[in-house]
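Trainee: Quick one, structure for this:
(one chain, ligands or ions: 2)
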Amino acid sequence: MNSLSPRPGVATPQASTSSTRGLHVITWGCQMNVYDSERMSDVLRPLGYRAVSTPDAADMIILNTCHIRDRAAEKVFSELGRLRKVKEARAEQGAATVLAVAGCVAQAEGKEILARAPYVDIVLGPQTYHRLPEMVARAARAAGAVIETDFPVEQKFDFLPADRAAPAGGSAFLTIQEGCDKFCSFCVVPYTRGAESSRPAQAVIDEARRLVAGGVREITLLGQNVNAYHGEGPDGRTWGLARLARVLAGELGIERIRYTTSHPRDMEDDLVAAHRDLPQLMPFLHLPVQSGSDRVLAAMNRGHTADDYRTLVARLREARPDLALSSDFIVGHPGETDADFADTMRLIDEIGFAQAYSFKYSSRPGTPAAGAGMHVPEDVKDARLQELQAMLRVQQDAFNDATIGQVAPVLFTGRGRKPGQVSGKSPWLQAVSVEGPDSLIGQIANVDIRHRYTNSLGGVLTEETDRA
Ligand code: SAM
Ligand code: SF4
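Mentor: Ligands and ions are numbered 1, 2, ... in the order given. Just a heads-up that it's a prediction; the model follows:
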(Lines give C-alpha, C1' and ligand atoms only; values in the text may rest on other atoms or scores of the structure.)
(Ligands and ions follow the chains in the order given, each with its own letter.)
Protein backbone atom coordinates (compact mmCIF):
# COMPACT_ATOMS: atom_id res chain seq x y z
CA MET A 1 0.00 0.00 0.00
CA ASN A 2 1.54 3.36 -0.91
CA SER A 3 1.21 6.52 1.13
CA LEU A 4 -1.87 7.59 -0.85
CA SER A 5 -3.82 4.43 -0.20
CA PRO A 6 -6.43 4.84 2.50
CA ARG A 7 -5.77 2.96 5.78
CA PRO A 8 -8.53 0.38 6.13
CA GLY A 9 -11.33 1.54 8.34
CA VAL A 10 -10.26 5.19 8.50
CA ALA A 11 -12.46 7.76 6.83
CA THR A 12 -10.67 10.47 4.82
CA PRO A 13 -11.32 13.84 6.49
CA GLN A 14 -11.99 17.09 4.68
CA ALA A 15 -10.93 20.48 5.97
CA SER A 16 -14.52 21.53 6.21
CA THR A 17 -17.61 19.56 5.53
CA SER A 18 -21.31 19.89 5.85
CA SER A 19 -21.71 16.22 6.80
CA THR A 20 -21.29 15.64 10.51
CA ARG A 21 -19.34 12.79 12.06
CA GLY A 22 -19.74 11.33 15.51
CA LEU A 23 -16.99 11.90 18.09
CA HIS A 24 -16.86 10.04 21.39
CA VAL A 25 -14.19 11.08 23.91
CA ILE A 26 -13.53 8.95 26.99
CA THR A 27 -11.71 10.95 29.66
CA TRP A 28 -9.76 9.50 32.57
CA GLY A 29 -7.72 11.33 35.18
CA CYS A 30 -7.44 14.92 36.30
CA GLN A 31 -9.32 18.10 35.38
CA MET A 32 -6.55 18.96 32.96
CA ASN A 33 -7.56 15.92 30.95
CA VAL A 34 -11.18 17.11 31.04
CA TYR A 35 -10.03 20.43 29.61
CA ASP A 36 -7.85 18.70 26.99
CA SER A 37 -10.79 16.52 25.91
CA GLU A 38 -12.96 19.59 25.42
CA ARG A 39 -10.23 21.27 23.39
CA MET A 40 -9.69 18.16 21.24
CA SER A 41 -13.40 18.33 20.42
CA ASP A 42 -12.98 22.02 19.51
CA VAL A 43 -10.06 21.19 17.20
CA LEU A 44 -12.09 18.51 15.43
CA ARG A 45 -15.27 20.56 15.06
CA PRO A 46 -14.18 22.19 11.74
CA LEU A 47 -13.88 18.66 10.32
CA GLY A 48 -17.52 18.07 11.11
CA TYR A 49 -17.06 16.03 14.29
CA ARG A 50 -19.83 16.41 16.89
CA ALA A 51 -20.11 14.71 20.28
CA VAL A 52 -22.07 11.46 20.50
CA SER A 53 -22.74 9.72 23.78
CA THR A 54 -21.81 6.14 22.87
CA PRO A 55 -18.74 4.73 21.07
CA ASP A 56 -20.82 2.63 18.68
CA ALA A 57 -22.27 5.82 17.18
CA ALA A 58 -18.82 7.38 16.77
CA ASP A 59 -16.75 7.80 13.61
CA MET A 60 -13.89 8.74 15.88
CA ILE A 61 -13.18 7.55 19.43
CA ILE A 62 -10.54 9.19 21.61
CA LEU A 63 -9.39 7.52 24.82
CA ASN A 64 -7.76 10.29 26.90
CA THR A 65 -5.64 8.49 29.48
CA CYS A 66 -3.96 9.06 32.85
CA HIS A 67 -0.61 7.58 33.90
CA ILE A 68 -0.37 8.78 37.48
CA ARG A 69 -0.77 5.45 39.28
CA ASP A 70 -0.24 1.72 38.89
CA ARG A 71 -1.82 -0.44 36.23
CA ALA A 72 -2.54 2.63 34.08
CA ALA A 73 -1.33 0.87 30.92
CA GLU A 74 -3.21 -2.36 31.69
CA LYS A 75 -6.41 -0.40 32.17
CA VAL A 76 -5.84 1.23 28.78
CA PHE A 77 -5.27 -2.10 27.03
CA SER A 78 -8.38 -3.59 28.54
CA GLU A 79 -10.48 -0.60 27.39
CA LEU A 80 -8.86 -0.78 23.96
CA GLY A 81 -9.91 -4.43 23.71
CA ARG A 82 -13.50 -3.32 24.26
CA LEU A 83 -13.20 -0.49 21.71
CA ARG A 84 -11.66 -2.85 19.18
CA LYS A 85 -14.91 -4.85 19.26
CA VAL A 86 -16.90 -1.66 18.68
CA LYS A 87 -14.66 -0.78 15.75
CA GLU A 88 -15.01 -4.28 14.25
CA ALA A 89 -18.79 -4.30 14.68
CA ARG A 90 -19.03 -0.93 12.94
CA ALA A 91 -16.71 -2.13 10.13
CA GLU A 92 -19.05 -5.10 9.53
CA GLN A 93 -21.77 -2.54 8.87
CA GLY A 94 -19.48 -0.62 6.50
CA ALA A 95 -18.72 2.22 8.93
CA ALA A 96 -15.16 3.38 9.47
CA THR A 97 -13.88 4.34 12.92
CA VAL A 98 -10.74 6.28 13.83
CA LEU A 99 -9.44 5.08 17.18
CA ALA A 100 -7.05 7.45 18.98
CA VAL A 101 -5.25 7.15 22.31
CA ALA A 102 -4.32 10.47 23.91
CA GLY A 103 -2.99 11.72 27.25
CA CYS A 104 -0.17 10.64 29.51
CA VAL A 105 -0.24 6.87 28.86
CA ALA A 106 -0.01 7.64 25.14
CA GLN A 107 2.95 9.91 25.90
CA ALA A 108 4.77 7.34 28.02
CA GLU A 109 3.85 4.10 26.24
CA GLY A 110 3.08 5.15 22.66
CA LYS A 111 5.17 2.51 20.91
CA GLU A 112 3.97 -0.25 23.22
CA ILE A 113 0.36 0.74 22.43
CA LEU A 114 0.94 0.43 18.69
CA ALA A 115 2.76 -2.88 19.12
CA ARG A 116 0.08 -4.43 21.32
CA ALA A 117 -2.98 -2.77 19.77
CA PRO A 118 -2.25 -2.35 16.03
CA TYR A 119 -5.91 -1.48 15.40
CA VAL A 120 -5.25 1.90 17.06
CA ASP A 121 -4.93 4.58 14.36
CA ILE A 122 -3.50 7.53 16.26
CA VAL A 123 -1.40 7.90 19.40
CA LEU A 124 -0.89 11.46 20.61
CA GLY A 125 0.65 13.05 23.68
CA PRO A 126 -0.87 15.95 25.66
CA GLN A 127 1.24 18.55 23.85
CA THR A 128 0.29 17.69 20.26
CA TYR A 129 -3.48 17.59 20.07
CA HIS A 130 -3.66 20.86 18.10
CA ARG A 131 -2.31 18.72 15.24
CA LEU A 132 -5.23 16.27 15.38
CA PRO A 133 -6.81 17.26 12.04
CA GLU A 134 -3.52 16.64 10.29
CA MET A 135 -3.10 13.34 12.16
CA VAL A 136 -6.58 12.20 11.10
CA ALA A 137 -5.68 13.03 7.49
CA ARG A 138 -2.38 11.18 7.76
CA ALA A 139 -4.06 8.16 9.36
CA ALA A 140 -6.46 8.03 6.43
CA ARG A 141 -3.59 8.13 3.93
CA ALA A 142 -0.93 6.07 5.65
CA ALA A 143 -0.42 2.33 5.79
CA GLY A 144 0.52 2.45 9.46
CA ALA A 145 -0.75 4.28 12.49
CA VAL A 146 0.25 7.84 13.35
CA ILE A 147 2.22 8.57 16.50
CA GLU A 148 2.86 12.11 17.81
CA THR A 149 4.39 12.14 21.26
CA ASP A 150 7.15 14.72 20.93
CA PHE A 151 7.16 18.00 22.84
CA PRO A 152 6.80 20.41 19.89
CA VAL A 153 8.42 23.83 19.94
CA GLU A 154 5.13 25.53 19.08
CA GLN A 155 2.66 26.07 21.94
CA LYS A 156 -0.48 24.07 21.22
CA PHE A 157 -2.61 26.84 22.72
CA ASP A 158 -1.61 29.14 19.86
CA PHE A 159 -3.18 26.69 17.42
CA LEU A 160 -6.43 25.89 19.19
CA PRO A 161 -9.62 27.45 17.81
CA ALA A 162 -10.54 30.69 19.54
CA ASP A 163 -14.26 29.93 19.47
CA ARG A 164 -14.25 27.50 22.36
CA ALA A 165 -17.70 26.15 23.17
CA ALA A 166 -18.70 27.32 26.68
CA PRO A 167 -19.70 24.25 28.69
CA ALA A 168 -23.31 24.05 29.84
CA GLY A 169 -23.88 24.49 33.56
CA GLY A 170 -22.08 27.78 34.09
CA SER A 171 -18.73 26.31 35.18
CA ALA A 172 -15.63 25.87 33.02
CA PHE A 173 -12.04 24.72 33.32
CA LEU A 174 -9.30 26.86 31.79
CA THR A 175 -5.73 25.56 31.59
CA ILE A 176 -3.20 28.34 32.22
CA GLN A 177 -0.07 26.38 33.06
CA GLU A 178 1.30 22.99 32.14
CA GLY A 179 4.14 20.69 33.04
CA CYS A 180 6.27 20.53 36.13
CA ASP A 181 9.92 21.05 37.03
CA LYS A 182 9.63 19.92 40.63
CA PHE A 183 10.42 16.25 40.17
CA CYS A 184 8.81 14.83 43.29
CA SER A 185 10.34 11.40 43.86
CA PHE A 186 7.15 9.48 43.12
CA CYS A 187 5.62 11.39 40.23
CA VAL A 188 5.55 10.84 36.45
CA VAL A 189 4.15 14.27 35.54
CA PRO A 190 7.50 15.95 34.73
CA TYR A 191 8.17 13.11 32.27
CA THR A 192 4.71 12.86 30.67
CA ARG A 193 3.71 16.53 30.63
CA GLY A 194 7.17 18.04 30.19
CA ALA A 195 8.72 21.22 31.56
CA GLU A 196 6.71 23.91 33.29
CA SER A 197 5.25 26.53 30.97
CA SER A 198 2.64 29.26 31.37
CA ARG A 199 0.27 30.71 28.83
CA PRO A 200 0.47 34.47 28.20
CA ALA A 201 -1.95 36.35 30.46
CA GLN A 202 -3.74 37.98 27.51
CA ALA A 203 -4.52 34.57 25.97
CA VAL A 204 -6.03 33.46 29.28
CA ILE A 205 -8.02 36.69 29.64
CA ASP A 206 -9.35 36.37 26.07
CA GLU A 207 -10.41 32.77 26.61
CA ALA A 208 -12.04 33.69 29.93
CA ARG A 209 -13.87 36.61 28.30
CA ARG A 210 -15.35 34.29 25.68
CA LEU A 211 -16.42 31.83 28.37
CA VAL A 212 -18.15 34.61 30.33
CA ALA A 213 -19.88 35.79 27.14
CA GLY A 214 -21.09 32.20 26.69
CA GLY A 215 -22.76 32.24 30.12
CA VAL A 216 -19.97 30.90 32.35
CA ARG A 217 -20.15 32.13 35.97
CA GLU A 218 -17.31 30.11 37.46
CA ILE A 219 -13.85 29.45 36.04
CA THR A 220 -11.39 26.98 37.51
CA LEU A 221 -7.86 27.84 36.42
CA LEU A 222 -5.87 24.69 35.89
CA GLY A 223 -2.24 23.67 35.98
CA GLN A 224 -0.12 20.83 37.28
CA ASN A 225 1.40 23.57 39.44
CA VAL A 226 -1.11 26.30 38.85
CA ASN A 227 0.28 28.68 41.45
CA ALA A 228 3.72 28.50 39.79
CA TYR A 229 2.02 30.41 36.95
CA HIS A 230 4.34 33.06 35.52
CA GLY A 231 2.84 34.16 32.22
CA GLU A 232 3.86 37.10 30.12
CA GLY A 233 1.53 40.00 30.86
CA PRO A 234 0.12 42.44 28.29
CA ASP A 235 2.49 45.02 29.83
CA GLY A 236 5.49 42.86 28.94
CA ARG A 237 6.13 41.94 32.60
CA THR A 238 5.77 38.51 34.15
CA TRP A 239 2.43 38.03 35.86
CA GLY A 240 1.84 35.64 38.74
CA LEU A 241 -1.43 33.90 39.52
CA ALA A 242 -2.56 36.60 41.96
CA ARG A 243 -2.25 39.34 39.34
CA LEU A 244 -4.14 37.24 36.82
CA ALA A 245 -6.91 36.47 39.31
CA ARG A 246 -7.27 40.16 40.17
CA VAL A 247 -7.79 41.04 36.50
CA LEU A 248 -10.22 38.17 35.91
CA ALA A 249 -12.24 39.18 38.97
CA GLY A 250 -12.08 42.92 38.31
CA GLU A 251 -12.31 43.50 34.59
CA LEU A 252 -14.20 40.45 33.45
CA GLY A 253 -16.67 40.26 36.30
CA ILE A 254 -16.32 36.51 36.77
CA GLU A 255 -18.35 35.64 39.82
CA ARG A 256 -16.41 32.60 40.97
CA ILE A 257 -12.73 31.82 40.50
CA ARG A 258 -10.99 28.65 41.63
CA TYR A 259 -7.57 27.26 40.85
CA THR A 260 -6.02 23.84 41.12
CA THR A 261 -3.57 22.17 41.76
CA SER A 262 -1.36 24.27 43.96
CA HIS A 263 2.01 23.48 45.45
CA PRO A 264 2.69 24.78 48.97
CA ARG A 265 6.10 26.08 47.83
CA ASP A 266 4.52 28.43 45.29
CA MET A 267 1.92 29.97 47.60
CA GLU A 268 3.37 33.45 47.60
CA ASP A 269 2.33 36.44 49.71
CA ASP A 270 0.38 38.17 46.94
CA LEU A 271 -1.70 35.04 46.36
CA VAL A 272 -2.47 34.73 50.06
CA ALA A 273 -3.45 38.42 49.98
CA ALA A 274 -5.71 37.80 46.96
CA HIS A 275 -7.71 35.39 49.14
CA ARG A 276 -8.26 38.28 51.55
CA ASP A 277 -9.10 40.85 48.88
CA LEU A 278 -11.12 39.01 46.25
CA PRO A 279 -14.56 37.71 47.23
CA GLN A 280 -14.62 36.02 43.80
CA LEU A 281 -11.80 33.68 44.88
CA MET A 282 -13.85 30.86 46.31
CA PRO A 283 -13.09 29.85 49.91
CA PHE A 284 -11.87 26.37 49.01
CA LEU A 285 -8.28 25.47 48.27
CA HIS A 286 -6.78 22.17 47.19
CA LEU A 287 -3.27 22.33 48.62
CA PRO A 288 -1.60 18.90 48.58
CA VAL A 289 0.83 18.17 51.41
CA GLN A 290 1.35 14.42 50.68
CA SER A 291 2.83 13.63 54.12
CA GLY A 292 3.17 15.10 57.60
CA SER A 293 6.66 13.70 58.17
CA ASP A 294 9.67 15.91 57.43
CA ARG A 295 11.77 12.83 56.70
CA VAL A 296 9.28 11.61 54.08
CA LEU A 297 8.73 15.11 52.67
CA ALA A 298 12.50 15.36 52.15
CA ALA A 299 12.62 11.91 50.53
CA MET A 300 9.74 13.02 48.30
CA ASN A 301 11.74 16.11 47.28
CA ARG A 302 8.77 18.30 48.14
CA GLY A 303 10.91 21.26 49.22
CA HIS A 304 8.87 22.10 52.34
CA THR A 305 8.42 20.80 55.86
CA ALA A 306 5.25 19.93 57.77
CA ASP A 307 5.66 23.13 59.80
CA ASP A 308 5.99 25.19 56.61
CA TYR A 309 2.59 23.79 55.64
CA ARG A 310 1.09 24.55 59.08
CA THR A 311 2.37 28.14 58.91
CA LEU A 312 1.04 28.58 55.38
CA VAL A 313 -2.39 27.30 56.36
CA ALA A 314 -2.46 29.69 59.33
CA ARG A 315 -1.65 32.62 57.02
CA LEU A 316 -4.32 31.57 54.55
CA ARG A 317 -6.91 31.21 57.29
CA GLU A 318 -6.02 34.61 58.66
CA ALA A 319 -6.53 36.07 55.17
CA ARG A 320 -9.79 34.20 54.57
CA PRO A 321 -11.24 32.79 57.78
CA ASP A 322 -13.87 30.62 56.05
CA LEU A 323 -11.30 28.94 53.78
CA ALA A 324 -11.87 25.18 53.52
CA LEU A 325 -8.87 23.02 52.72
CA SER A 326 -8.36 19.92 50.70
CA SER A 327 -5.20 17.89 50.15
CA ASP A 328 -3.61 14.84 48.56
CA PHE A 329 -1.90 12.24 50.72
CA ILE A 330 0.36 9.35 49.79
CA VAL A 331 0.81 6.55 52.34
CA GLY A 332 3.65 4.05 52.13
CA HIS A 333 6.21 6.11 50.23
CA PRO A 334 9.47 4.10 50.27
CA GLY A 335 11.04 4.36 53.70
CA GLU A 336 7.88 5.57 55.49
CA THR A 337 7.91 4.23 59.06
CA ASP A 338 5.09 3.95 61.62
CA ALA A 339 6.45 7.12 63.24
CA ASP A 340 6.34 8.97 59.89
CA PHE A 341 2.77 7.85 59.36
CA ALA A 342 1.87 9.00 62.89
CA ASP A 343 3.24 12.44 61.94
CA THR A 344 0.88 12.51 58.95
CA MET A 345 -2.09 11.61 61.15
CA ARG A 346 -1.08 14.35 63.60
CA LEU A 347 -0.92 16.92 60.80
CA ILE A 348 -4.37 15.92 59.55
CA ASP A 349 -5.77 16.13 63.06
CA GLU A 350 -4.34 19.61 63.55
CA ILE A 351 -5.30 21.12 60.20
CA GLY A 352 -8.80 19.69 59.70
CA PHE A 353 -9.59 19.06 56.02
CA ALA A 354 -12.97 19.61 54.38
CA GLN A 355 -12.12 16.99 51.78
CA ALA A 356 -9.05 15.05 50.62
CA TYR A 357 -7.71 12.48 48.20
CA SER A 358 -5.48 9.73 49.52
CA PHE A 359 -3.51 7.06 47.73
CA LYS A 360 -1.23 4.15 48.43
CA TYR A 361 2.21 4.84 47.03
CA SER A 362 2.43 3.26 43.61
CA SER A 363 5.83 2.66 42.08
CA ARG A 364 6.18 4.40 38.71
CA PRO A 365 9.01 3.14 36.50
CA GLY A 366 11.65 5.78 35.81
CA THR A 367 10.88 7.89 38.91
CA PRO A 368 13.54 8.23 41.64
CA ALA A 369 11.39 6.58 44.34
CA ALA A 370 10.85 3.48 42.21
CA GLY A 371 14.54 2.58 42.43
CA ALA A 372 15.04 3.70 46.01
CA GLY A 373 14.38 0.34 47.73
CA MET A 374 12.85 0.32 51.25
CA HIS A 375 9.43 -0.39 49.77
CA VAL A 376 6.63 -0.59 52.31
CA PRO A 377 4.73 -3.91 52.29
CA GLU A 378 1.32 -3.80 50.64
CA ASP A 379 -0.58 -4.87 53.78
CA VAL A 380 1.05 -2.07 55.78
CA LYS A 381 0.06 0.44 53.09
CA ASP A 382 -3.50 -0.93 53.15
CA ALA A 383 -3.77 -0.56 56.92
CA ARG A 384 -2.34 2.98 56.90
CA LEU A 385 -4.64 4.06 54.08
CA GLN A 386 -7.68 2.76 55.94
CA GLU A 387 -6.72 4.57 59.13
CA LEU A 388 -5.99 7.80 57.30
CA GLN A 389 -9.19 7.69 55.27
CA ALA A 390 -11.23 7.02 58.42
CA MET A 391 -9.89 10.22 59.98
CA LEU A 392 -10.43 12.22 56.79
CA ARG A 393 -14.00 10.91 56.56
CA VAL A 394 -14.77 12.10 60.10
CA GLN A 395 -13.37 15.53 59.22
CA GLN A 396 -15.31 15.73 55.96
CA ASP A 397 -18.56 14.78 57.65
CA ALA A 398 -17.96 17.30 60.43
CA PHE A 399 -17.27 20.04 57.88
CA ASN A 400 -20.42 19.23 55.95
CA ASP A 401 -22.51 18.98 59.13
CA ALA A 402 -21.36 22.46 60.07
CA THR A 403 -23.00 23.88 56.94
CA ILE A 404 -26.42 22.50 57.85
CA GLY A 405 -28.67 25.41 58.79
CA GLN A 406 -26.66 27.88 56.71
CA VAL A 407 -27.86 29.60 53.57
CA ALA A 408 -25.28 29.20 50.81
CA PRO A 409 -25.18 30.47 47.22
CA VAL A 410 -25.12 27.44 44.94
CA LEU A 411 -24.09 27.45 41.29
CA PHE A 412 -26.39 24.91 39.66
CA THR A 413 -24.42 22.92 37.10
CA GLY A 414 -26.86 20.21 36.04
CA ARG A 415 -29.79 17.96 36.85
CA GLY A 416 -29.76 16.06 40.14
CA ARG A 417 -29.93 12.31 40.44
CA LYS A 418 -33.66 12.26 41.14
CA PRO A 419 -36.28 13.61 38.73
CA GLY A 420 -37.16 17.23 39.45
CA GLN A 421 -33.84 17.91 41.15
CA VAL A 422 -31.02 20.22 40.15
CA SER A 423 -27.56 20.05 41.64
CA GLY A 424 -24.57 22.29 41.91
CA LYS A 425 -21.70 23.50 44.00
CA SER A 426 -21.47 25.57 47.17
CA PRO A 427 -18.60 28.07 47.54
CA TRP A 428 -16.77 25.31 49.47
CA LEU A 429 -17.12 22.91 46.52
CA GLN A 430 -19.72 20.77 48.27
CA ALA A 431 -22.22 19.07 45.98
CA VAL A 432 -25.70 20.41 46.81
CA SER A 433 -29.03 19.31 45.36
CA VAL A 434 -32.52 20.80 45.65
CA GLU A 435 -35.93 20.34 44.10
CA GLY A 436 -36.01 22.91 41.35
CA PRO A 437 -36.58 23.67 37.69
CA ASP A 438 -34.00 23.08 34.93
CA SER A 439 -34.03 26.84 34.34
CA LEU A 440 -31.77 27.12 37.42
CA ILE A 441 -28.95 25.33 35.60
CA GLY A 442 -26.15 27.81 34.99
CA GLN A 443 -27.55 30.15 37.69
CA ILE A 444 -26.47 30.94 41.24
CA ALA A 445 -29.25 30.74 43.83
CA ASN A 446 -29.41 30.71 47.63
CA VAL A 447 -30.06 27.36 49.27
CA ASP A 448 -31.00 26.65 52.84
CA ILE A 449 -28.82 23.58 53.57
CA ARG A 450 -30.87 20.98 55.46
CA HIS A 451 -29.30 17.51 55.08
CA ARG A 452 -25.98 15.77 54.73
CA TYR A 453 -25.69 12.62 52.64
CA THR A 454 -22.53 10.52 52.18
CA ASN A 455 -20.83 12.84 49.71
CA SER A 456 -23.32 15.64 49.18
CA LEU A 457 -25.79 18.01 50.81
CA GLY A 458 -29.50 18.56 50.30
CA GLY A 459 -31.45 21.73 50.83
CA VAL A 460 -34.30 23.95 49.72
CA LEU A 461 -34.26 27.11 47.67
CA THR A 462 -34.81 30.12 49.90
CA GLU A 463 -37.93 32.22 49.52
CA GLU A 464 -35.78 35.06 48.26
CA THR A 465 -34.69 32.82 45.37
CA ASP A 466 -38.27 31.72 44.69
CA ARG A 467 -39.34 35.33 44.30
CA ALA A 468 -36.34 36.21 42.08
N1 SAM B 1 1.02 18.84 41.28
C2 SAM B 1 0.26 18.35 42.34
C3 SAM B 1 1.06 18.44 43.63
O4 SAM B 1 2.21 18.77 43.64
O5 SAM B 1 0.53 18.12 44.65
C6 SAM B 1 -0.26 16.95 42.14
C7 SAM B 1 -0.40 16.37 40.82
S8 SAM B 1 -0.63 14.63 40.76
C9 SAM B 1 -1.34 14.60 39.19
C10 SAM B 1 -2.04 14.29 41.77
C11 SAM B 1 -1.75 13.44 42.97
O12 SAM B 1 -1.52 12.10 42.62
C13 SAM B 1 -0.52 13.83 43.79
O14 SAM B 1 -0.76 14.91 44.60
C15 SAM B 1 -0.23 12.58 44.56
O16 SAM B 1 -0.88 12.58 45.81
C17 SAM B 1 -0.80 11.48 43.67
N18 SAM B 1 0.29 10.69 43.09
C19 SAM B 1 1.17 11.06 42.16
N20 SAM B 1 2.05 10.07 41.91
C21 SAM B 1 1.72 9.05 42.72
C22 SAM B 1 2.26 7.76 42.95
N23 SAM B 1 3.33 7.33 42.30
N24 SAM B 1 1.66 6.95 43.86
C25 SAM B 1 0.57 7.39 44.53
N26 SAM B 1 0.02 8.60 44.36
C27 SAM B 1 0.59 9.42 43.48
FE1 SF4 C 1 4.14 15.69 40.38
FE2 SF4 C 1 5.43 16.95 42.36
FE3 SF4 C 1 5.13 18.12 39.99
FE4 SF4 C 1 3.01 17.78 41.60
S5 SF4 C 1 4.83 19.04 42.03
S6 SF4 C 1 3.10 17.38 39.39
S7 SF4 C 1 3.45 15.83 42.54
S8 SF4 C 1 6.31 16.31 40.41
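Trainee: Flag the shaky bits of the chain, pLDDT-wise.
Mentor: Counting by pLDDT under 70, the low-confidence segments of the chain come to 1-18, 143, 153-154, 464-468.
Trainee: out of everything not next to it in sequence, what's closest to the closest residue to ligand 2 within the stretch 251-400 of the chain?
Mentor: Nearest residue of the stretch 251-400 of the chain to ligand 2, counting by Cβ to the nearest ligand atom: residue 263, 5.2 Å away. To be clear about C-beta, it is placed using only N, CA and C from the backbone, and glycine gets the same treatment. Closest residue to residue 263 apart from its sequence neighbours, by Cβ to Cβ, 6 or more residues apart in numbering: residue 225 at 5.0 Å.
Trainee: Pop out the phi and psi values for that neighbour.
Mentor: Backbone torsions of residue 225, given as degrees, to the nearest 10, read phi -140, psi 70.
Trainee: Tell me, how many residues neighbour it?
Mentor: Neighbourhood size, residue 225 [other Cβ atoms under 10 Å]: 20.
Trainee: now residue 240
Mentor: By other Cβ under 10 Å, the residues close to residue 240 number 20.
Trainee: Could you double-check that it sits in contact with residue 272?
Mentor: No. Using Cβ atoms under 8 Å, residue 240 makes no contact with residue 272, being 11.8 Å away.
Trainee: Between the two ends of stretch 192-201, how far is it?
Mentor: Start to finish, the residues bounding stretch 192-201 are 24 Å apart (Cα to Cα, to the nearest Å).
Trainee: got the buried residues for that stretch?
Mentor: In terms of neighbour count (16 or more other Cβ atoms under 10 Å), stretch 192-201 has its buried residues at 192, 193, 194, 196, 197, 198, 199, 200, 201.
Trainee: Which ones among the residues you listed map onto helices?
Mentor: Here DSSP state H is the test, and the buried residues of stretch 192-201 give 192, 201 as lying in helices.
Trainee: Distance to residue 48 for the buried residues of stretch 192-201 - can I get that in TSV?
Mentor: As requested, the buried residues of stretch 192-201 are exported to TSV (distance: Cβ to Cβ, whole Å):
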residue	distance to residue 48
192	31
193	30
194	31
196	36
197	32
198	33
199	28
200	31
201	34
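Trainee: which pair in the buried residues of stretch 192-201 spans the largest distance?
Mentor: Greatest spacing in the buried residues of stretch 192-201, by Cβ to Cβ: 192 and 201 (26.0 Å).
Trainee: residue ranges for the strands of the stretch 301-450 of the chain, please.
Mentor: 324-331, 355-360, 407-415, 421-425, 431-435, 444-452 (DSSP state E, counting those that start in this stretch).
Trainee: Counting neighbours, which bits of whichever strand or helix holds residue 136 end up buried?
Mentor: Per DSSP states H and E: residue 136 is located in helix 132-141. If you call a residue buried by 16+ other Cβ under 10 Å, then helix 132-141 has these buried ones: 132, 133, 135, 136, 137, 138, 139, 140, 141.
Trainee: Then stretch 276-283?
Mentor: In stretch 276-283, counting by 16+ other Cβ under 10 Å, buried: 278, 280, 281, 282, 283.
Trainee: mind checking how far the spatially closest residue to the second one that is not a sequence neighbour is from ligand 1?
Mentor: Spelled out, that is residue 280. Residue nearest to residue 280 in three dimensions, not counting chain neighbours: residue 249, with 4.0 Å by Cβ to Cβ, 6+ apart. For residue 249, the distance to ligand 1 equals 24 Å [Cβ to the nearest ligand atom, to the nearest Å].
Trainee: what's in contact with the helix or strand hosting residue 249?
Mentor: Secondary-structure element containing residue 249, defined by DSSP H and E: helix 241-250. Helix 241-250 is contacted from outside by 176, 201, 204-205, 208, 219, 221, 226-227, 229, 231, 233, 254, 257, 259, 268, 270-271, 273-274, 277-278, 280-281, using Cβ atoms under 8 Å, 6 or more residues apart in numbering.
Trainee: Domain map for this structure?
Mentor: Taking the TED database as the domain assignment, the ranges for the chain are 21-148, 156-357, 404-461.
Trainee: can you put those domains in TSV and add distance to residue 376?
Mentor: What follows is the domains of the chain, written out as TSV (distance: least, Cβ to Cβ, whole Å):
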stretch	distance to residue 376
domain 21-148	14
domain 156-357	4
domain 404-461	29
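Trainee: ok, how many other residues are close to the residue nearest to residue 363 when sequence neighbours are not counted?
Mentor: Distance criterion Cβ to Cβ, 6+ apart; nearest residue to residue 363, sequence neighbours excluded, is residue 370 at 4.5 Å. Other residues lying near residue 370 total 17 when counted by other Cβ under 10 Å.
Trainee: how near is residue 370 to residue 361?
Mentor: Residue 370 sits at a distance of 10 Å from residue 361 (criterion: Cβ to Cβ, to the nearest Å).
Trainee: Which positions in the chain make contact with ligand 2?
Mentor: Taking Cβ under 6 Å from any ligand atom as the measure of proximity, the chain contacts ligand 2 at 180, 182, 183, 184, 187, 189, 190, 224, 225, 263.
Trainee: can you do 8 Å?
Mentor: 180-184, 186-190, 193, 224-225, 261, 263, 288, 290, 300-302, 328 (Cβ under 8 Å from any ligand atom).
Trainee: Just the buried residues of the residues you listed.
Mentor: Looking at those with 16+ other Cβ under 10 Å, the buried ones turn out to be 180, 182, 184, 186-190, 193, 224-225, 261, 263, 288, 290, 300, 302.
Trainee: All set, thanks.
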